[in-house]
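A.B. asks: kindly return the folded structure for what I paste below:
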Amino acid sequence: MSLKEFTGLDNTKADVTDLPVAAWKCSTSPSQLINSFSARRRSLLSAELPPSPSKKLTIAKEESIDLPTAINRIGDLQSRLHHGNGDTDRSTSTSCSSSTNTNDSTNLSRQKLLEQSKRIVAAAKDLSQISYSSPDGRWDAAVAEITDCADCLTTVALDSIAAGSVYHSQLVSTEVTQVLDALHTALQDAQEARHQQNDFVALRSMTHLQSTTNQLLHAVSTIAASSTT
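C.D. replies: A predicted model of the protein is given here:
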């Protein structure tokens with residue numbers, strides 16, 4: 001007996017080839033295996049990889065506004081409210097003689113105005129509590145919030161002015177105008193306070209902003225209450 005026969009080395013190749021084929025090899029083609037592996041790999045990548053930088057940048061731009069941009073936007077809102085009053089004054093007299101549907105619309109616009117008034121009061125308080133040394137992210141977020149509040153407030157105010165009585169329309173117009181003016185000044189002073197690194201520069205205007213927003217909320221609350229009586 002030779003050494004190969006004794007050890008069985010000469011039959012190794014035959015034994016290997018005679019091994020039974022796995023069941024998955026019989027039923028699955030190579031192309032199917034590749035597709036399955038690729039699908040699993042894409043699934044894992046989509047679940048584990050963080051969002052792309054471009055998506056993060058887009059969100060950041062939407063959620064933050066710097067002071068110069070906010071100041072310009074508030075100026076645009078001031079002009080929008082001023083010119084909008086001229087357009088809505090002509091429609092006020094006709095809306096007063098409308099039916100129950102108009103009354104429902106008026107009540108709805110007053111409720112929306114009340115909600116936005118409460119929102120801008122909170123935003124003004126948050127803005128006034130920020131120091132010049134606060135991080136840029138906090139500044140941008142607070143400025144973005146109050147700018148969005150002012151935008152929404154102007155929109156619902158114009159709707160309320162168009163649908164309300166002459167007295168209520170004039171009251172809303174006056175109060176919202178004062179808020180926008182105070183906000184514009186407060187943002188300008190905040191920019192200067194950060195430049196000079198001195199919070200006292202914006203202290204007076206921030207206090208005035210809170211006062212005007214609280215006054216707006218009181219006036220709108222009175223108007224909303226009168227619609228339910």
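A.B. asks: and the closest residue to residue 163 other than its chain neighbours, what does it touch?
C.D. replies: Of all residues not flanking residue 163 in the chain, residue 106 sits nearest, at 4.4 Å (C-beta to C-beta, 6 or more residues apart in numbering). For glycine as for every other residue, the C-beta is placed from the backbone atoms N, C-alpha and C. Going by C-beta atoms under 8 Å, 6 or more residues apart in numbering, residue 106 touches 95, 160, 163, 164, 227.
A.B. asks: residue 145 now?
C.D. replies: Here residue 145 is in contact with 123, 126, 127 (criterion: C-beta under 8 Å, 6+ apart).
A.B. asks: quick check: closest non-adjacent residue to the first one.
C.D. replies: Right, residue 123. residue 146 (4.0 Å).
A.B. asks: next, count neighbours for that neighbour.
C.D. replies: Residue 146: 28 surrounding residues under other C-beta atoms under 10 Å.
A.B. asks: same question for residue 166.
C.D. replies: So residue 166, with other C-beta under 10 Å, has 12 neighbours.
A.B. asks: from residue 158, how far out is it?
C.D. replies: 15 Å (C-beta to C-beta, to the nearest Å).
A.B. asks: try residue 82
C.D. replies: 11 Å.
A.B. asks: nearest residue to residue 78 other than its sequence neighbours?
C.D. replies: That would be residue 180: by C-beta to C-beta, 6+ apart, it lies 5.0 Å from residue 78.
A.B. asks: how does this structure divide into domains?
C.D. replies: If you go by automatic domain parsing, the domain ranges for the chain are 9-49, 58-226.
A.B. asks: can you tell me which of the ones you listed has the worst average pLDDT?
C.D. replies: Of all those, domain 9-49 carries the lowest average pLDDT, namely a mean of 53.
A.B. asks: check the secondary structure at residue 78 for me.
C.D. replies: Three-state assignment for residue 78 (DSSP: H, G, I helix; E, B strand; the rest coil): helix.
A.B. asks: repeat for the one 5 residues further on
C.D. replies: Classification of residue 83 into helix, strand or coil gives helix, according to three-state DSSP.
A.B. asks: ok, residue 135 to residue 141 distance?
C.D. replies: 10 Å.
A.B. asks: the two: which has the busier surroundings?
C.D. replies: Shown here are residue 135 and residue 141; by other C-beta under 10 Å, residue 141 has more neighbours (16 against 9).
A.B. asks: please identify the helix or strand for that one.
C.D. replies: Residue 141 is located in helix 136-163, with elements delineated by DSSP states H and E.
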